[in-house]
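In: I'll drop the sequence and a predicted model, then ask my questions.
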Amino acid sequence: MRRARDNPFAVERVLRLRYRFRNDDWSALLDRLQSLNYRAAIIGRKGSGKTTLLEELAEHLEARGLRIHRLFLNDQSRAYPATFLRSVRDSLGERDVILFDGSEQLSLSAWWRFRWETRRAGGLVITKHRAGRLPTLIECQTTRQLFHELVGSLHDSKTLVPDTLDRLFEKHHGNLRDAIRELYDIAADPGSVPNAAERAESSS
Amino acid sequence: MSPLAIQTCDGRTAFDPAETITVEVQWELAAEPEALEVRLVWNTSGKGDTDIGVEQTISIDAPGLSGSRQLDVDLPAAPYSFSGKLVSLIWALELVARPSDESCRTEITIAPGQREVLLHREPNEQPADE
């Protein structure tokens, strides 16, 4: 058994991974956000890096002197964010930016109500699985190569069975969060899956 | 020398529950801190969200740019340091400068026999520290 604290795919290690741009960079992204009047959407499928990107965006906007308000909804917490709005609504101004992760949880009517109640904010950046509601700032996409790179930064992927990463990428339809969670289980029980060296030895 | 350091005076890193240990802290900072905090903390590590807790905090007010101090820290009776496949509970000593939040950390084990409790062990597997 590998202790949880030694697991290379433990959550706190995975959360330290930074967003990796494919054909973009922070300077271009921030310029684009400004040109969209700080109202835009980060789109992408589950596990494609939207939340990671949104968190890093918060750091960049704070560095520009903007005040960040975070709102997070998911399958388990999808009620209209009345408490959040009560706490910020009356104080929102030009320098306030709302980062709303999981905006697709709101119905269309709730979304428009939310837009109205936050109209005084200087910015609203949402994440969403598909385009719509706000102009697209960036579409997060995953690739096998990206998955290999991320895993390589956490663990020596040569110790894994060669096709493990490609198989997991396919199995989870490119959802890197779920694929890495399965890698956690594989790494927790190293004896249950032959590593690359053992596999080569048994096939020779 | 790093700007902050914390270690036990006798160099041990594993202890029985409810022991009192003596900790030595050293600091050499570029800006004068308002205070230093010695903290006994725990965190979880593993597959799920990370939980953290502060068991004890000892403040050193107006410590100056550099210096050293020895302090007694009472370790708790529980929970023990433990590890399973899904979660580990890790104890640590931290030294934090205020208000800069510069910090350093030394992990310790608190468990009976001074050995981390392993929740699952293969038949031939030895304890982690053997």
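Out: On my side now, so go ahead.
In: residue boundaries of the strands in chain B?
Out: Listed in chain order, the strands of chain B (DSSP state E) span B:4-8, B:14-15, B:20-28, B:35-46, B:52-61, B:66-74, B:82-83, B:87-98, B:103-110, B:117-118.
In: same for the fourth one, what does it pack against?
Out: Contacts defined by 3 or more Cβ pairs under 8 Å, 6 or more residues apart in numbering or on different chains; DSSP states H and E place strand B:35-46 against helix A:11-14, strand B:20-28, strand B:52-61, strand B:66-74, strand B:87-98. C-beta here means a position set from N, CA and C on the backbone, and glycine is covered the same way.
In: save these as CSV, and put in mean neighbour count too.
Out: Below are these laid out as CSV (neighbours: other Cβ atoms under 10 Å in any protein chain shown):
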stretch, mean neighbour count
helix A:11-14, 17
strand B:20-28, 16
strand B:52-61, 13
strand B:66-74, 13
strand B:87-98, 20
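In: distance to residue A:60 for those - can I get that in TSV?
Out: Below are those laid out as TSV (distance: least, Cβ to Cβ, whole Å):
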stretch	distance to residue A:60
helix A:11-14	21
strand B:20-28	32
strand B:52-61	26
strand B:66-74	35
strand B:87-98	26
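In: now render the strands of chain B as CSV, adding mean pLDDT.
Out: Formatted as CSV, the strands of chain B follow (pLDDT from 0 to 100):
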stretch, mean pLDDT
strand B:4-8, 97
strand B:14-15, 98
strand B:20-28, 97
strand B:35-46, 97
strand B:52-61, 97
strand B:66-74, 97
strand B:82-83, 98
strand B:87-98, 98
strand B:103-110, 97
strand B:117-118, 96
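In: so which of those strands is nearest residue A:151?
Out: strand B:35-46 (18.0 Å; Cβ to Cβ).
In: list the buried residues for that closest one?
Out: Neighbour-count burial for strand B:35-46 flags B:36-46 (criterion: 16 or more other Cβ atoms under 10 Å in any protein chain shown).
In: can you tell me which of the residues you listed is nearest chain A?
Out: Set against chain A, the nearest of the buried residues of strand B:35-46 by Cβ to the nearest Cβ is residue B:46 (3.3 Å).
In: neighbours of the residue lying closest to that closest one once chain neighbours are set aside, how many?
Out: Closest residue in space to residue B:46, ignoring its immediate chain neighbours: residue A:4 at 3.3 Å, by Cβ to Cβ, 6 or more residues apart in numbering or on different chains. When neighbours are counted by other Cβ atoms under 10 Å in any protein chain shown, residue A:4 registers 25.
In: list the contacts for residue A:4?
Out: A:10, A:188, B:45-47, B:83-88 (Cβ atoms under 8 Å, 6 or more residues apart in numbering or on different chains).
In: for residue B:36, same thing?
Out: With Cβ under 8 Å, 6+ apart, residue B:36 has these contacts: B:25, B:27, B:59-60, B:63, B:95-98.
In: let's see that with 6 Å instead.
Out: B:60, B:63, B:97 (Cβ atoms under 6 Å, 6 or more residues apart in numbering or on different chains).
In: cool, and residue B:94?
Out: Contacts of residue B:94 (Cβ under 6 Å, 6+ apart): B:39, B:41, B:103, B:105.
In: how close does it sit to chain A?
Out: Per Cβ to the nearest Cβ, to the nearest Å, residue B:94 is found 16 Å from chain A.
In: do the same with residue B:12
Out: Residue B:12 sits 19 Å away from chain A, taking Cβ to the nearest Cβ as the criterion.
In: for that residue, what are phi and psi?
Out: Backbone torsions for residue B:12, taken as degrees, to the nearest 10, come to phi -70, psi 150.
In: and it, how far from residue B:108?
Out: Residue B:12 is 8 Å from residue B:108, where distance means Cβ to Cβ, to the nearest Å.
In: and what of residue A:77?
Out: Residue A:77 sits 36 Å away from residue B:108, going by Cβ to Cβ.
In: so between these two, which is more surrounded?
Out: For residue A:77 versus residue B:108, the count of surrounding residues by other Cβ under 10 Å is larger for residue B:108: 21 against 10.
In: list the beta-bridge partners for that one.
Out: residue B:91 (DSSP bridges).
In: columns distance to residue A:145 on top of the contacts of residue A:4, output as a markdown table?
Out: Conversion of the contacts of residue A:4 to a markdown table gives the following (distance: Cβ to Cβ, whole Å):
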| residue | distance to residue A:145 |
| --- | --- |
| A:10 | 24 |
| A:188 | 26 |
| B:45 | 29 |
| B:46 | 28 |
| B:47 | 26 |
| B:83 | 34 |
| B:84 | 34 |
| B:85 | 30 |
| B:86 | 30 |
| B:87 | 32 |
| B:88 | 32 |
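In: between these, which sits nearest residue A:72?
Out: When the contacts of residue A:4 are compared against residue A:72 (criterion: Cβ to Cβ), the nearest one is residue B:47, at 20.2 Å.
In: what does the closest one show for phi and psi?
Out: phi -80, psi -30.
In: could you pull up the contacting residues of it?
Out: Going by Cβ under 6 Å, 6+ apart, the list of residues near residue B:47 reads A:184, B:86.
In: ok, now how distant is it from residue A:82?
Out: The gap separating residue B:47 from residue A:82 is 33 Å, by Cβ to Cβ.
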